[in-house]
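Trainee: give me a model of this one.
(one chain, ligands or ions: 1)
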Amino acid sequence: MNQQIYWHTTVEMPGESDLTPLPDKADVAIIGGGFTGLSAARTLAKHGAKVVVLEANTIGWGASSRNGGMVLTGLKLGMDIVLKRYGRDLARRLFQYSLDSVDLVEQIVKEENMDCGFARYGHLLVANKPKQYEALKSEVDFMEREFGHKVKLVPPGELKHEIGSGSYHGGLLDEVSGGLNPAQYVTGLARAAQKAGALLCARARVIKLERSGNRFVIQTERGIVEAGSVLVGTSGYTGNVTRRLQRKIIPIGSFVIATERLSDQLVAELSPKNRMIFDYKHYLNYFRLWDNRMIFGGRAAFFPENDKTIARSAEILRREMVGIYPQLQDAKVEYAWGGTLDFAFDMMTHVGEIDGLHYSLGYAGHGVAMATLSGKTVAEAMLKGNINEHPLAQASFPGAPLGLYDGHPWFLPFAGLWYRFLDLVE
Ligand SMILES: Cc1cc2nc3c(=O)[nH]c(=O)nc-3n(C[C@H](O)[C@H](O)[C@H](O)COP(=O)(O)OP(=O)(O)OC[C@H]3O[C@@H](n4cnc5c(N)ncnc54)[C@H](O)[C@@H]3O)c2cc1C
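Mentor: Okay, the predicted model is just below:
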């Protein structure tokens, strides 16, 4: 088994052989070269702004080329919680935002003629326990009544038409969601941003940020850039250059394995409609097919990716996968990798301005579509100077309770145990 990101074998990722020189000055500097940064760069450049993307590694290196490629409606939090917490008006704006985010991915893929396999495959949430299925029953009416959104209940007896596994107790289907190959998508987005006129600078880790009058002086590993404004799109890799933001984001590892190519017959049995599938657990599993491979992810370890957490997670994920699909007992796992998610303490995505810096963070595993839209809409708000009107800027961006967090998530092992416990008893 290779500790390699399978998606990277399907496309030529932006490299570092041709390091774009840093400009001395820019209207906007964007920190982070993933979906957020590239989508924002494309929008700003299209509006005529001089934009530079500063990426510590290579463009697309972060979560954006490592994820499951699920282009999902909704937020990380259930809409019932969002409605209770924020009221009907904001909840409706937020849900609409999530639908717009899927539409935007589709639109960009078309406009930019991207070859990334985007299609509206639909997502399927499967119930691990019968009582979870009971809870799903009320979702159909709730989503229609409150958000005018149609989802379909899949009773246990009909689940075999959706998934070739006997592990689940029914499910909920949302046919608006889609799927794509994330490495191909982020590569396409990078090309689109460049075509619009943005400069994409790899190996340009930002190491210091200072204000000088109404401008920013940004020190990178490759030199200094001066910019009128800055957008932070560093997601789970947010570091101490933006310390106040780092203290609001918990980096959490998520891991993925890819099997060898499977037969057409087996593929048709595992997921006859090629859905984006995930389960109900806190320690959730998510999986889908691509090019006849089962791409199976989960939060097997809570800590971010390194050789050890990837090797351990690969074992755990294989076990989980075979538990769900005994048909894959003999399937060879060819690739295993990990990436880091960004969770805010309230599990919401937040955009706004802090110390004069614009940011868009906290996608909590829902960033393929959301980061694309947030990058675009935050860029537009930067041009108009109205970030406070953004739907994701309406809730305050909380830090840790009692300020007990300095950016090093010491509590993750305890949180991991707690969530395993909840998965047992809930
Ligand atoms: C394993 C995994 C599976 C996932 N599955 C899904 C899924 O199926 N569907 C979904 O919607 N979401 C999923 N996600 C989440 C989604 O991938 C992210 O929300 C999204 O990619 C975030 O994009 P981004 O541009 O904000 O951040 P990233 O793509 O993580 O990019 C941030 C970049 O910032 C750079 N950076 C950090 N510090 C600095 C610095 N000081 N200077 C310069 N650059 C810096 C990093 O090098 C990195 O490249 C998954 C994530 C992971 C890890």
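Trainee: need the strands for the stretch 1-150 of the chain, in chain order.
Mentor: Along the stretch 1-150 of the chain, counting by DSSP state E, counting those that start in this stretch, strands occupy 25-31, 51-54, 70-71, 123-126.
Trainee: one more: the stretch 251-400 of the chain?
Mentor: Applying DSSP E, counting those that start in this stretch to the stretch 251-400 of the chain gives strands spanning 276-279, 285-290, 293-298, 333-344, 350-354, 357-361.
Trainee: right, so of these, which gets closest to residue 369?
Mentor: Distance to residue 369, taken as Cβ to Cβ, is lowest for strand 276-279 among those, at 11.4 Å. The C-beta positions use only the backbone N, C-alpha and C, and glycine is treated the same way.
Trainee: let me see the contact set for whichever residue of the stretch 151-300 of the chain sits closest to the ligand.
Mentor: Residue of the stretch 151-300 of the chain nearest the ligand, by Cβ to the nearest ligand atom: residue 235 (3.1 Å). Counting by Cβ atoms under 8 Å, 6 or more residues apart in numbering, residue 235 makes contact with 32, 34, 36, 62-63, 249, 340-342, 361, 363, 367, 371.
Trainee: just residue 383 next, same as before
Mentor: 44, 47, 49.
Trainee: and the first one, how many neighbours?
Mentor: Burial of residue 44, expressed as a neighbour count using other Cβ atoms under 10 Å, amounts to 30.
Trainee: quick one: the nearest residue to residue 338 once chain neighbours are set aside and residue 256, what's the gap?
Mentor: Of all residues beyond its chain neighbours, the one nearest residue 338 is residue 305 (2.9 Å), with distances taken as Cβ to Cβ, 6 or more residues apart in numbering. In this structure, residue 305 and residue 256 are 10 Å apart, going by Cβ to Cβ, to the nearest Å.
Trainee: got it, and residue 238?
Mentor: Remark: distance between residue 238 and residue 256 (Cβ to Cβ) = 21 Å.
Trainee: tell me how many other residues crowd the closest residue to the ligand within the stretch 301-426 of the chain.
Mentor: Closest approach between the stretch 301-426 of the chain and the ligand, counting by Cβ to the nearest ligand atom: residue 367, at 1.8 Å. Other residues near residue 367 number 30, with proximity taken as other Cβ under 10 Å.
Trainee: which residues touch it?
Mentor: Residues in contact with residue 367 (Cβ under 8 Å, 6+ apart) are 35, 36, 63, 64, 67, 235, 342.
Trainee: check residue 204 too.
Mentor: For residue 204, counting by Cβ under 8 Å, 6+ apart, the contacting residues are 22, 54, 55, 56, 220, 221, 222.
Trainee: still on that earlier bit, so which of the strands of the stretch 251-400 of the chain is nearest residue 203?
Mentor: Residue 203 sits nearest to strand 333-344 of all those, at 19.2 Å, using Cβ to Cβ.
Trainee: output the contacting helices and strands for the closest one.
Mentor: Strand 333-344 makes packing contacts with strand 249-259, helix 307-324 when contacts are defined by 3 or more Cβ pairs under 8 Å, 6 or more residues apart in numbering; DSSP states H and E.
Trainee: now the shortest one: average pLDDT?
Mentor: What it means is strand 249-259. In this model, strand 249-259 has a mean pLDDT of 93.
Trainee: mind listing what's buried along that strand?
Mentor: Using 16 or more other Cβ atoms under 10 Å as the test for burial, strand 249-259 gives 249, 250, 251, 252, 253, 254, 255, 256, 257, 258, 259.
Trainee: need these in CSV (columns: distance to the ligand).
Mentor: Listed next are those as CSV, based on distance: Cβ to the nearest ligand atom, whole Å:
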residue, distance to the ligand
249, 11
250, 13
251, 10
252, 9
253, 8
254, 4
255, 6
256, 5
257, 11
258, 12
259, 16
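Trainee: coming back round to it: what's the local residue count around the residue nearest to residue 338?
Mentor: Burial of residue 305 is recorded as 21 neighbouring residues (other Cβ under 10 Å).
Trainee: dump the residue contacts of it.
Mentor: Residue 305 is in contact with 253, 255, 337, 338, 339, 340, counting by Cβ under 8 Å, 6+ apart.
Trainee: 7 Å - rerun?
Mentor: Residue 305 is in contact with 253, 338, 339, 340, counting by Cβ atoms under 7 Å, 6 or more residues apart in numbering.
Trainee: who does the longest helix along the chain touch, helix- and strand-wise?
Mentor: Taking DSSP state H as the criterion, the chain has its longest helix at helix 88-111. Here helix 88-111 touches helix 79-86, strand 178-179, helix 367-384, going by 3 or more Cβ pairs under 7 Å, 6 or more residues apart in numbering; DSSP states H and E.
Trainee: so what touches that helix?
Mentor: Applying Cβ under 7 Å, 6+ apart, the external contacts of helix 88-111 come out as 71, 73-75, 79, 82-83, 116, 118, 147, 149, 176-178, 192, 369-370, 372-373, 376, 391, 394.
Trainee: which of those residues are close to the ligand?
Mentor: Subset of the contacts of helix 88-111 in contact with the ligand: residue 369, counting by Cβ under 6 Å from any ligand atom.
Trainee: residues of the stretch 301-426 of the chain that sit close to the ligand?
Mentor: Within reach of the ligand by Cβ under 6 Å from any ligand atom, the stretch 301-426 of the chain has these residues: 339, 340, 341, 363, 365, 366, 367, 368, 369, 371.
Trainee: can you put those in TSV and add pLDDT?
Mentor: As requested, these are exported to TSV (pLDDT from 0 to 100):
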residue	pLDDT
339	94
340	93
341	92
363	97
365	93
366	94
367	97
368	98
369	98
371	98
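Trainee: quick one: buried ones out of those?
Mentor: By neighbour count, with 16+ other Cβ under 10 Å, those hold 339, 340, 341, 363, 365, 366, 367, 368, 369, 371 as buried.
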